[in-house]
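Chemist: with the input below, show me the fold.
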Amino acid sequence: MTVALKERIDRLGPWFHNLTLDGIETAPDHPLGDYPRFKWRGFAEVVPDDLSGRTVLDVGCNAGFYALEMARRGAEVTAIDSDPRYLAQATLAAEVEGARIDLHLMSVYDVARLGRRFDLVIFMGVLYHLRHPLLALDLLWEHAVGERMLFQSMQRGSAEPAVPAPDYPFEDEAPFLQPGWPRLSFVERRYAADPTNWFVPNRAAAEAMLRSSGFAIEAHPEPEVYLCRRAERGEAVEPPPRIAPA
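Modeler: Numbering: from 1, shown residues only. Here you go, the predicted model:
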């Protein structure tokens, strides 16, 4: 069984999620270390230990690390990814774990096809891979998020939070020169050798995009990670307290 499983894991490689399946690590030499397990430890406390009776959607599930964690906590889990290989990895992982996860080959832009909202939507490590990131957030607000969303995006640039004024005169260019002004950097070619890294926000931009799409930030447990509540669009929401970089 273990030899056969190791062969199946190898056939589906390379793996970005380091999962432990029947004692076998899928990415033991991951350049980031034990990823995403070590990352999860930094914000796991914002998700209830008991999710019995709750529904969860994992958008861009990759090999299924977060989907499996939610299933272990008793949630009814749906997971989507637009990459067939990642979805095959998640299928194998769910099989080995004995987890019931409803898996779909689907882009975030297609979430309306699911025809339902979820108590918790996990949208981590996806935004900066999208050519239309704000559209994705809008679609999640409109069609998928029922209560809360766990969000993460790579951030670069200033970590200074910002609350822009309601309006500025046309001739005032000063706000755009402020270090903490929301910026979404476009990557024309590659960043970190990855041609799918398209838009990388600074902290202020990530938070502004969330607010603009109708999400109120409830917790900011570590850099880049936010727990958000589905709010009304245009609702005045103060940014979370500033945290020191890790």
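
Chemist: what is the lengthiest helix in the chain packed up against?
Modeler: Scanning the chain for the longest helix, with DSSP state H as the assignment, gives helix 84-97. For helix 84-97, the contact count by 3 or more C-beta pairs under 8 Å, 6 or more residues apart in numbering; DSSP states H and E identifies helix 2-11, strand 20-21, helix 65-72, strand 76-81, strand 101-105 as packing neighbours. (Glycine included, C-beta is placed from N, CA and C.)

Chemist: any idea how far residue 228 is from residue 207?
Modeler: Here residue 207 is placed at a distance of 10 Å from residue 228 (C-beta to C-beta, to the nearest Å).

Chemist: which residues do these two both contact?
Modeler: residue 217 (C-beta atoms under 8 Å, 6 or more residues apart in numbering).

Chemist: the residue sitting nearest the centre point of the chain bridge partners, please.
Modeler: Taking C-alpha atoms, centre = their mean, the centroid of the chain lies closest to residue 124, which sits 1.0 Å from it. Going by DSSP bridges, residue 124 is paired in beta bridges with residue 152.

Chemist: now the residue of the chain positioned farthest from its centre. Its backbone dihedrals?
Modeler: The centre of the chain is farthest from one residue, residue 171, which by C-alpha atoms, centre = their mean lies 37.2 Å away. Per-residue torsions, residue 171: phi -80, psi 0 (degrees, to the nearest 10).

Chemist: which stretches in the protein count as helices?
Modeler: Going by DSSP H, the chain shows helices at 2-11, 37-41, 65-72, 84-97, 133-143, 203-213.

Chemist: quick one: closest of those helices to residue 187.
Modeler: Closest approach to residue 187 among the helices of the chain (C-beta to C-beta): helix 133-143, 12.1 Å.

Chemist: contacts for the longest helix of the chain, please.
Modeler: 5, 8-9, 12, 15-17, 19, 21-22, 26, 61-64, 67-68, 71, 79, 81, 99-101, 103-105.

Chemist: what's the answer for stretch 33-50, then?
Modeler: In contact with stretch 33-50 (C-beta under 8 Å, 6+ apart) are residues 16-18, 27, 32, 54, 65-66, 69-70, 73-74, 120, 125, 150, 219, 221-222, 225, 227.

Chemist: could you rerun that using 6 Å?
Modeler: 18, 65, 74, 219, 221-222, 225, 227 (C-beta atoms under 6 Å, 6 or more residues apart in numbering).
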